[in-house]
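Engineer: next one to model:
(chains A, B, C, D and E, ligands or ions: 4)
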Amino acid sequence: MSNEPMTTKADDAIITVRNLSKYFDDFEALRDITLDVKRSEVLCLIGPSGSGKSTLLRCLNFLEQYDGGEVHLDGELIGWKDISHNPRKPLSSEALRKQRQHIGMVFQHFHLWPHMSALDNVAEALMSVRKLTKKEAREKAMTALTKVHLEDKAQNYPANLSGGQQQRVAIARAIAMEPRVMLFDEPTSALDPELVGEVLSVMKDLAAEGMTMVVVTHEMGFAAHVADRVAFLDSGRLVTCVPPQEMFGREPDDARVRSFLQTYRERNVV
Amino acid sequence: MSNEPMTTKADDAIITVRNLSKYFDDFEALRDITLDVKRSEVLCLIGPSGSGKSTLLRCLNFLEQYDGGEVHLDGELIGWKDISHNPRKPLSSEALRKQRQHIGMVFQHFHLWPHMSALDNVAEALMSVRKLTKKEAREKAMTALTKVHLEDKAQNYPANLSGGQQQRVAIARAIAMEPRVMLFDEPTSALDPELVGEVLSVMKDLAAEGMTMVVVTHEMGFAAHVADRVAFLDSGRLVTCVPPQEMFGREPDDARVRSFLQTYRERNVV
Amino acid sequence: QADLLSDIKAKGEIVAATEMHYAPFDLLKDGEYVGIDRDLFDEIAKDLGVTPKYIDLPWNSILPGLEAGKFDFVIAPVTITAERMKRYSFTLPIGNATVALAKKAGDSSISKPEDISGKVVGTQKGTAQFEQLKAFSESLATPAEIREYTNIDEALADMAAGRISGVANSLPLMGYAAVQRPGLFELVMPPFGDPKFFGWVATGDDNSKTLIEAINASLLKMHEDGRLKAINEKWLGSNPELPTTMPDVK
Amino acid sequence: MNFSFDTIWHNLPYLLAAARWTVIISVCGMAISLVWGTVLCATRLSANPFWRSAATLYISFFRGVPLLVQLLLFYYALPYVGLDLPAVEAAILATGMCSAAYTAEILRGALQSIPRGQTEAAYALGIPSFSLWRRILVPQAIRIGMPSLVNELILLVKVSSLASVVGISELTRIAQNITGETYRPLEIYITAAVIYFAINWILSISGRLIEKKLQIG
Amino acid sequence: METELFVRYGPALLYGFGITILCWLVGSIGGVIVGFLLACLNRWGPRFIGWVIYAYVEVIRGTPFMIQLFILYYGGPYIGLLLTPVQAGIISFIIYGSPYFAEIFRSGFNAIPKGQIEAARCVGLPESRILWRIILPQMLVPITAPLTNFFIILTKETAILSVVTVPELLFQTQTMAAETFTFVEPFLVLSLFYWLMVVVTGWIGARVEQRVTRHLKRA
Ligand SMILES: Nc1ncnc2c1ncn2[C@@H]1O[C@H](COP(=O)(O)OP(=O)(O)OP(=O)(O)O)[C@@H](O)[C@H]1O
Ligand SMILES: Nc1ncnc2c1ncn2[C@@H]1O[C@H](COP(=O)(O)OP(=O)(O)OP(=O)(O)O)[C@@H](O)[C@H]1O
Ligand SMILES: [Mg+2]
Ligand SMILES: [Mg+2]
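Structural biologist: Ligands and ions are numbered 1, 2, ... in the order given. Modelled structure (predicted):
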C-alpha cells in the first residue's frame, strides 16, 4: 500500500520483467520483453495498435498467463507457482488474489459492472477487500468519484453514463483501492482535453504519493507530460525505453519510432 | 448513396436539426439544438464529457427518440411519423430501417457482434441490406478492412482483437455500406497517432467523394485538420459552430470554449 | 338416428380399445396383443362379420376416447357396478372380478384371506376390488392397513420389495401373477367378498344399444358352444362360472 | 432379487421398436418447438401490444395446463370443432406447441443478456429485423441458452411418453405393458431408461458441440 | 358437470394439493441448491470432479423421472434402502431436478463477459464474493426465465409421485375419477390446481426478472 514505509531506496525496481513472451495460439503477441519499472515511477507504454501494449499490461497482473520469462513485483514472482516445472503451474486463485490486490488496473474497455451504480462499482472492493463498512466504503467511493467530477452521477448505472463518465468511474474504482502499482490501459481515450488535464493531475498526485504507474496511451502529449520514461512497443517487441525528452524532444534514433511520431507532430500543431 | 447524381447544389443542408431537445427522465441531455449540416461537409462535434455529443449523434439516426424539435435528412423527418400529434408516434421499424440505411454510424463502444469474425461483421449488412452475394460481400468487406490495415486480422473474432483493431473493424463496417451521411462517435479514441492519420485520410477520401460526416472527437488536432466546421457542445447546449480556424486559430470569443481549449494547448506542445 | 352397429358393419371393422396391461385379460406377449379379451373378441367379431382392430390406451383416456368417438368399443374388463351403469352400457359378464389375495411366495404367516388382519395390504385405487377389500378388512377383528396404488404392478413390486404383505385384486389377475412369477408370488385361496364380474363397455346412449345386444347374443352363443370355456381354460386353467344374465348390482 | 437378463434380452427388440415412436414424436416435436418457439419469442418481444399479449397468453396457457390435458384436448376435443387429427400428428403437435412456450422463454431470457448496443449497431446499418434475428440475435441467444435448450429438448423426449394417452405405443407405454406380463418391472424399466439415456445423450452431446462451436474468443 | 362431486372430494383434493406443494417446494428448492453447488464445483473444482458431475448430469437428466423413482422406491429395499413414499418422492425430486438446474446455472456462468470477472479479480475480490456480487446478479438475467420454466415443469412432474403412492393431487383425482367414472371433472380440477401453481410461479419469475434487469432499462 502506498502509505507503507519505504524501506528501499526510491529508484529501485518494483516491477521487473524478464524475457517475457506471450503467444495467442501461433501468434506471437509479446517477444522477449525485459523491462524494469522503478518505484514511484510513471512509465508510459506507446506503440501502434496491436503492438501488444494491452497484452503486456495484462501480463503484469497475470490476466494473461505469459508463456515465457518472468514478472516480479517487489521480488515476488507474479502468477506462477514455480517456473522450473514444465508446464508451469499457476498459483491458486487465493494467492493470485493476494498479489492482485496491490496492482490496480483500469481497462481499455472499462469493464464496469453493469448491474451496480457508479457508486457501488467503486465501493464494492472497498467493502469486501478493504473491509470497510458499507457507510465508510460509500463515503470513500464518493470521494474518489468527486476527484473525477462524477459526484452527481454516482447513482447512475453504467448504461446511463456517457463514454467519458464510464471511463472516469473505472479510474475511480481503481484508485480508491490505493494499490502499490497502477496499470492504466488508455485511461483517457474517451476523455475530453479538460478532463485529460484533470486525470493527469490526479495521476500526478498519485505519483507524488509514491504510486508506481504503468500507463498505456496514444496521447503523446499526455506521455510527454506525465511520464518519467516512455517505452515504445512494436509488433510485440520493446523497441526503446527512454525519458520523454529523448523520445519527443529530439529526432528519435530508431526509424520505427521516428515514423510513428511523424504523423502525430504534423497533425497536432493547431 | 454517395454515387447518386447530386441534383442539389453542394452547400445546401442535408441534415437540419431544429430545436432538438432530449431528456433522460428528468435530466436534460440536449436543449434546443439548432444546426445544419451541409452536403459533403465534415462537421466535428467537440465538448466536455457528458455534454451530449453522443446523444446528439444518436438522435440523428433516431437511436434516441428525441423529445422535442425535429431532425430532417434530405427534407425527410427522421424517426417520427408526424409531430403534430402528442405524444408523437415513431415510424414503423421498416420505415426507420429505410431511413437508417443512408446514415452510417460508428459507435463510441464499437458494438461489434462478438460471434462473427471481423470479416463477417463487415460483410453482414452488405449481404442483408445491399443484397450482395456472400462472395461479393466478402470481397467488398475485405477491401474495407484493407483500407484500415486489418487484412491479416479478418478472421479474428472481436474478442481476439486489440482495442484499436476493434475500432477499425467498426469503421470498416460503417464505410463499406457507403451511406449518404456518416456519424462517427470518437472514431479514433483507441487508435495510435499513425492510425489516426490513416483513418483521417480515409475520411478525407470519403469527403472528397461527397460524403457528409458528423464526427464526435476529443482530438482537437483531428478536428482542426479534418473539419469544415466545428461545433462546441456544453451541458446539452450548442455553444458555437464555426470553421476550425476560428475555433482553434485565434482566441475564441466564448469563455467556456476558451477554457476548454486551454488545457489542450498547454499539453500538446511537446 | 345413428346406429353404431350398422356403422360398424358398413365399415367392416370394429375398433376396440383396451389397456394391454391387465393379464391375463389383456397383455403384450412378444410384442403381440393377446389374452382372454382378445380371444373372446376375435370370436365375437367373427360372429358380427367384421374385422377387429385393437388399440392400446391408458385407462385415463379410454373413456374420454370412447365418448369422443375415437373408437367403437371398450374391451378392457370393467367391474360391473351400479354407479358405472349410470353412465355406460355394459355387456354380459366376461370374467370373474371377485377379489382375491396374493402373498409373497413362502410367506407362512398368511394361509387364508383372514390372515391379513393387522397386516399391510395393497390394492389398485378406485377399483371395485378396493371397495370389497375394505369391507372385508373392516369385518376382521383388527382391520388390515390398506395401501392404494395407481397400478397393480406397483403394488406387486412393493410386495416384492417387502413393504406390504399382500396384494388384493380380481381373482384372474392374482392367479396369473402367481403363475408367472412362482418363486415370488403365491395365490391365497379362496377369493372373498361379494361375487363381482367384469363386463365390457360401450357408450351409454342409444347408439350402442344394438351393438351391446349383438355382442351379448354372441357371448351367449359362446357359452353354449363351449368356446368361452375353452378360452378361459386356456388362460386360467379353470372355468369361472359366468352368469348368462346381467348380475344384480345395487 | 434375481435380476433376469433373459427378460431384458427377450424384450429388447420390442422396446427398441417402441423407441422408434419416441424418436419420431420427439424429433418432430423439437423442430416445432424450436421454430415456433423462436417466432413466439419474437412475438412476445414485439412492439405491438396486441401480439405481445397474445404471445404472453399462449405461453401462460401452454405452460399452465398439464401436457396430458393438452394432448387429450388436441386428440379428443378438436374433433368437436371439426379438426380430427390422427394420433401421431396430434401428439407431435401438442408436444411441439407446448414445448415451444418453454423454448420461447429460454430464448427471451438469453436475448436479454445480449448487450443492446449490438442491436443498435444493426439498426444503424439498416439490417432488416429478420436478418437481425437470424444472424445476430438468435445465434447468440442459442449460445447463451444452449444448456437450457438441451434441458428442454430432453424433457420433450421424455414427455413424448404421454403420447400413450392417444394410443401410441411408445417406449414407456410398451415398457409398462411388458412389465404387466413379465412382472419384472426393474429389469424392463432399467432397460427403458438406458434407451432414453442413449437418445438424450446424443442430444446432449450435439448441444455441447454446438455450444463449443458458437463459443466466442 | 357434477358439482356435487367437488363437494364430496373437496377435502381429499385439497389434501392432495397440499402434499403436491410440499413435495414440489422442498424438492425443487433442494434441486436448485444441489444444482447450484454442482455447477460451482464443475466450474471451480478439480478436473476429475468435473467428469463425475458430467456423468451425473447426463445420466440423471437422460432418464425418465418415473423410472428413477421406481428404481429408488421399489429397488431400494433390495440394497437396504427402505424409504417412505414421501421421503422417496422428495429425495428423487431433488436428484432429478438438480442436473437440470446445474445446466441452467452453467449457461448463466457462460453468459457473463470475461472482462467483468477480470475487473473484479483486479481489485482483489475473493472468488466467493465475485460469485455472489458480480456473477450471480447478472446471470439471473438470462436464467430467470429458464429457471421459472423448470419450476413450472416440476409442478407437473409431481404427478409422477403417485406411482409410489404419495397421496398427491393426481393420486386424489384418480381416486375421484375411478370411483365416480368421471373424467372431465377430475382433469378440470387437476388443471386448475396446476394452473394456479404455474400462474403464481410465473408471476414470481416475472417479478424476479424485473428486479434483475433493472440496470438494463434505459431512461
Ligand atoms: N440512458 C441514459 N440515462 C440517463 N442519463 C444518460 C443516459 N445516457 C446519457 N445520459 C447522460 O446524458 C449526458 C450526455 O451523455 P452523452 O453520452 O451524450 O455524453 P457525451 O457528450 O457523449 O460524453 P463523452 O464524451 O463522455 O462520451 C451525460 O451526462 C450522461 O450521464
Ligand atoms: N485473445 C487473443 N487471441 C488472439 N490474438 C489476440 C488476442 N488478444 C490480442 N490478440 C492479438 O495480439 C496483438 C496485441 O494485442 P493488444 O491488445 O496487446 O494490442 P494493443 O497494443 O493493446 O493495441 P491497441 O492499441 O489497439 O489496444 C493484436 O494483434 C491482437 O490481434
Ligand atoms: Mg490495447
Ligand atoms: Mg459519448
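Engineer: which of the residues in stretch E:6-14 are buried?
Structural biologist: For stretch E:6-14, the neighbour count (16 or more other CB atoms under 10 Å in any protein chain shown) marks E:9, E:12-13 as buried. Quick note: C-beta positions are derived from backbone N, CA and C, even for glycine.
Engineer: and if you look at stretch A:30-39?
Structural biologist: Of the residues in stretch A:30-39, A:30-31, A:33, A:35-39 count as buried by neighbour count, 16+ other CB under 10 Å.
Engineer: so which of those belong to strands?
Structural biologist: A:30-31, A:33, A:35-38 (DSSP state E).
Engineer: hey, where'd the helices end up in chain C?
Structural biologist: C:4-11, C:36-48, C:59-67, C:82-85, C:128-138, C:152-161, C:171-180, C:209-225, C:227-236 (DSSP state H).
Engineer: ends of stretch E:70-88, what's the gap?
Structural biologist: Distance between the two ends of stretch E:70-88: 9 Å, counting by CA to CA, to the nearest Å.
Engineer: quick one: contacts of that stretch?
Structural biologist: Stretch E:70-88 has contacts (CB atoms under 8 Å, 6 or more residues apart in numbering or on different chains) with C:154, C:157-158, C:160-163, D:1, D:185-186, D:189-190, D:193, E:19, E:22-23, E:69, E:91-92, E:95, E:161, E:163-167.
Engineer: grab the longest helix from chain E for me.
Structural biologist: Max-length helix for chain E by DSSP H is helix E:3-44.
Engineer: what packs against that one?
Structural biologist: Counting contacts by 3 or more CB pairs under 8 Å, 6 or more residues apart in numbering or on different chains; DSSP states H and E, helix E:3-44 packs against helix E:47-62, helix E:85-110, helix E:136-157, helix E:169-180, helix E:184-212.
Engineer: in JSON lines, list these along with distance to residue A:152.
Structural biologist: Shown next, in JSON lines, are the helices and strands packed on helix E:3-44 (distance: least, CB to CB, whole Å):
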{"stretch": "helix E:47-62", "distance to residue A:152": "48"}
{"stretch": "helix E:85-110", "distance to residue A:152": "34"}
{"stretch": "helix E:136-157", "distance to residue A:152": "25"}
{"stretch": "helix E:169-180", "distance to residue A:152": "56"}
{"stretch": "helix E:184-212", "distance to residue A:152": "26"}
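Engineer: please produce a markdown table containing these, extended by mean neighbour count.
Structural biologist: Below are these laid out as a markdown table (neighbours: other CB atoms under 10 Å in any protein chain shown):
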| stretch | mean neighbour count |
| --- | --- |
| helix E:47-62 | 16 |
| helix E:85-110 | 24 |
| helix E:136-157 | 24 |
| helix E:169-180 | 24 |
| helix E:184-212 | 18 |
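Engineer: how about those helices in JSON lines, adding mean pLDDT?
Structural biologist: Shown next, in JSON lines, are these (pLDDT from 0 to 100):
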{"stretch": "helix E:47-62", "mean pLDDT": "95"}
{"stretch": "helix E:85-110", "mean pLDDT": "95"}
{"stretch": "helix E:136-157", "mean pLDDT": "94"}
{"stretch": "helix E:169-180", "mean pLDDT": "82"}
{"stretch": "helix E:184-212", "mean pLDDT": "91"}
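Engineer: to residue C:219, which of those lies closest?
Structural biologist: Among these, helix E:169-180 comes nearest to residue C:219, with 25.6 Å by CB to CB.
Engineer: which residue ranges form the helices in the chain?
Structural biologist: Using chain A. Remark: helices assigned in chain A by DSSP H are A:53-60, A:93-100, A:118-128, A:134-147, A:163-175, A:193-208, A:220-226, A:244, A:255-268.
Engineer: my question was about chain D, not that one.
Structural biologist: Using DSSP H, helices in chain D cover D:5-44, D:49-64, D:67-72, D:87-112, D:116-125, D:129-131, D:138-159, D:171-182, D:185-214.
Engineer: so which of these is the most surrounded?
Structural biologist: Among those, helix D:171-182 has the highest mean neighbour count (mean count of other CB atoms under 10 Å in any protein chain shown), at a mean of 26.
Engineer: tell me what angle it forms with helix D:185-214.
Structural biologist: Angle of helix D:171-182 versus helix D:185-214, following axes from the mean of the first three to the mean of the last three CA atoms, to 10 degrees, is 160 degrees.
Engineer: helix D:171-182 packs against which elements?
Structural biologist: strand C:27-29, helix C:152-161, helix D:5-44, helix D:185-214.
Engineer: now that helix: how far from the chain's centre is it?
Structural biologist: Mean C-alpha position of helix D:171-182 versus that of the full chain (CA atoms, centre = their mean, to the nearest Å) differs by 24 Å.
Engineer: need the CA coordinates for that helix. CSV is fine.
Structural biologist: Coordinates of the C-alpha atoms in helix D:171-182 are reproduced here as CSV (Å, rounded to 0.1, in the frame of the first residue of the first chain):
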residue,chain,number,x,y,z
LEU,D,171,-41.3,-46.6,-25.2
THR,D,172,-42.7,-46.0,-21.7
ARG,D,173,-46.0,-47.5,-22.6
ILE,D,174,-44.5,-50.6,-24.0
ALA,D,175,-42.2,-51.0,-21.0
GLN,D,176,-45.3,-50.8,-18.7
ASN,D,177,-47.1,-53.3,-20.8
ILE,D,178,-44.2,-55.7,-20.8
THR,D,179,-44.0,-55.3,-17.1
GLY,D,180,-47.6,-56.2,-16.8
GLU,D,181,-46.9,-59.5,-18.5
THR,D,182,-43.4,-60.4,-17.1
